[in-house]
Structures are given as C-alpha cells and as structure tokens.
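Chemist: next input, structure requested:
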Amino acid sequence: MCRVGKPLMYCRIEIPGLSNGLNMNEKVPKTSDYWYAGEGIEYGQCGITISRMTDRQNGQFKCMLGFSDEQNESHGATIVTVARPPRNRPELTITPEVDPRFGTYTEGTSIKAMCTVTDARPAANLLWFMGDDQITDGVGRPEIVESPTDLFTVHQNLTRRLTWRDNRKDLKCVATHIALDGEMKPTVIQISVRFAPRPVDGIIEQFGFIVGEEGIISVQIHANPKPKLTWIIDQDSFPEGSMDLTQRFEATSARDMGNGTWEAQLRIMRVTAEDVARNYILRARNEVGEQQYTVRISTSAEPQGSLELGTGPIIGIVVAILVLLIIIFMLIFARATGRWCFS
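Modeler: Coordinates of the predicted model:
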C-alpha cells in the first residue's frame, strides 16, 4: 500500500504478470483475484489485496498517485518476493572418495563435502549434521547464484578431518525454507572410517565376582575393521573362540555391538582366589594397528558414586594441609615466645 497525507484523485497500481495497470479505489467492484485495500483514496491510501499469490506476481509492485491540485503524479515501488520451495532434495558430494581397496576412509583423512540446493526463492538455508550432532566447525560461507528466472541456487562447503567417532555415522545436509512445511528430506551419505583399536585409560577393573562360581569378564573395544582377539593369562596366550591349556578359561569370539564397537568376553569356569589376584591381558589387533588392555577382577561390589581423584588433585590437597599446619604452628610459636601481640 502507498500512503500520502492528502486526498487522491486516482490510484493506479502495476503488478507483475499484468500488462496494464489497475485503477483501484473503494468504488471499483471486487474480483475473485484482487480488490482495493485501504480506507479510501480520499484518505490518501492506495493499496491492493491479492487473493492468492502466484509465481507470476514475483517482482516489482508500483503505485501511481494523482492529485487534483498537482500536474505531476507521484509514484512508489517495492519488491515483492513470492517464496518458492526448492525443486529437488539437496545434492551432496564428498571428495576424496573412499579408499577403493577397503570401501572406507582412513582415520585422519580430511574430506571436503559440498551441498547444493537449486531453484528456490529466496535461497534455501543449509544445515549440516554428523549423525544427530549438528556441525558448525569447518562450514564455509554459502555461495548464492541467481538465475534469469529469479530463482536461487545455494552451494556450501564443509571441511572435516575424520575421527574414529565418525565411523558408521550419517553425514547429512538438511535444507530449510520459508515455503516448506518443516524440513526437506535430507540427503545422507554414511561415513565409514578405518581405525586401530582405541586405547583406554589405565587398568580396567570389574567387580562382583564370587569365588567358586562362574565369572564373565567383558571388555568393549572400538575398532574398524573387526579386531582379532588374544587373551594372555600368566604365560598362556590363546585366541578368541578357544580355551586355555587348563581348560578353565574360555574366550568367546568378538561380538559386533554396532558402529565399530566389539565386545570381548572371557568366561571363567569357576573363580578361585588366585584368579582374583592375577592380571588378564587382552590384545586386539586389526589391519590398522594393535592395542593391549589389562583387566583385574574383584569380589567386592562395584563402588557406587565413589570419588576418584587423579594424582594432581591429591598432591594439591596434601600441600594445602601442610601449609595450614605450618601457619598454625607459627601462630602458636609466636604467641608462646611473645613475638606477636595478641589481645
């Protein structure tokens, strides 16, 4: 709507898609497509209501205003954008391609992904996800290209160095747009990463074993491809799917837990006091590397909510106690010798 502060003699509006202007005022009969909008041209209001916007109305709207006391007419213009959703789902490409020998990427590989959404008005917004986690690091600025038909194509790059945590996750490009009810169906590429068995911090402790009864040691290993497992008890080593020389320990084959996680189990036929005192070594090896784990078992119940402090915090606490004791000793000594005055 165009507004001025004095009465109009006429109001003429030009809209995209019509070759001729429209004479609009409150006395012009309504049509099914459009009608006058405003309180009246005598109040200086020149507007139009369109019942249903279509693609052909995208563009510049103009209003021409005539006055009874002026020779020249006034005019105003505005750009109206008719939103149009993307025609197709996002196009997603990744370079370099996976290693053809394995059909996977190697951990540490830097990939460059490009997502493209075409023929939208205005340009679509793009979001990146790895699995359920949104990616914000490594996302480039969107590049928007306008076509002669006033439609927009958007390109956006993502650079990412793959880690073992990306294995078996879906890289997703999601397009959102004002003309869409919700999100457009994303384009997905599953990422597979080769990596050596992952280390763990320190010794793995497992609780709740009962002397005289069967016990199960269970260790989860992150690796891709599947690792080969070997258990070492004292000087005896034996692979998964077999038993030790004493026939008291049985190593089951690695069980696939999904997403590059494997479960290794060692069954103790009957737990003895000696079993509680020994270390159990698990060696996991695949084509990428090898890792060794040390397990200890206990007949105690697993601690609930125990406070675990590292070496650093413990040293800090000890030093603080010593400083406090020194200060107390100095105060007692000074008072006893009369070197400081105390009221």
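Chemist: touching, Arg267 and Thr252? I think so.
Modeler: Yes: between Arg267 and Thr252 there is a contact at 6.9 Å, judged by CB atoms under 8 Å. C-betas here are computed from N, CA, C, even on glycine.
Chemist: and Asp55, its phi and psi?
Modeler: As for Asp55, its main-chain torsions (degrees, to the nearest 10) stand at phi -60, psi -30.
Chemist: could you double-check that it sits in contact with Arg84?
Modeler: Yes: counting by CB under 8 Å, a contact exists between Asp55 and Arg84, whose distance comes to 6.3 Å.
Chemist: more neighbours, these two?
Modeler: Neighbours around Asp55 and Arg84, counted as other CB atoms under 10 Å, are more numerous at Arg84. The numbers are 18 against 14.
Chemist: show me the beta-bridge partners of the more buried one.
Modeler: Arg121 (DSSP bridges).
Chemist: with Ile144 instead?
Modeler: Partner residues in beta bridges with Ile144: Val154, with DSSP bridges as the criterion.
Chemist: got it, and Ile233?
Modeler: Asp236, Tyr280.
Chemist: what is the burial count for it?
Modeler: Taking other CB under 10 Å as the criterion, the count of residues near Ile233 is 20.
Chemist: wait, doesn't it sit right on Tyr280?
Modeler: Yes: with contact defined as CB under 8 Å, Ile233 reaches Tyr280; the gap is 6.1 Å.
Chemist: what helix or strand is the nearest residue to Glu205 once chain neighbours are set aside located in?
Modeler: Spatial nearest neighbour of Glu205, excluding adjacent residues (CB to CB, 6 or more residues apart in numbering): Arg296 at 5.4 Å. Of the helices and strands defined by DSSP states H and E, Arg296 is found in strand 290-297.
Chemist: that strand pairs with which strands, and in what direction?
Modeler: Under the criterion DSSP bridges, strand 290-297 sits next to strand 204-206 (parallel), strand 280-285 (antiparallel) in its sheet.
Chemist: and Tyr10, what pLDDT?
Modeler: Per-residue confidence (pLDDT) for Tyr10: 94.
Chemist: for it, give the beta-bridge partners.
Modeler: Applying DSSP bridges to Tyr10, the residues it is bridged with are Gly66.
Chemist: and it, how close does it get to Asn23?
Modeler: Applying CB to CB, to the nearest Å, the value for Tyr10 to Asn23 is 7 Å.
Chemist: between the two, which is the more surrounded one?
Modeler: Each of Tyr10 and Asn23 has its neighbours counted (other CB under 10 Å); Tyr10 has more, 15 against 12.
Chemist: in what helix or strand does the closest residue to Glu42 other than its chain neighbours lie?
Modeler: Spatial nearest neighbour of Glu42, chain neighbours left out: Pro7 (4.5 Å); criterion: CB to CB, 6+ apart. In this structure, Pro7 sits in neither a helix nor a strand according to DSSP H and E.
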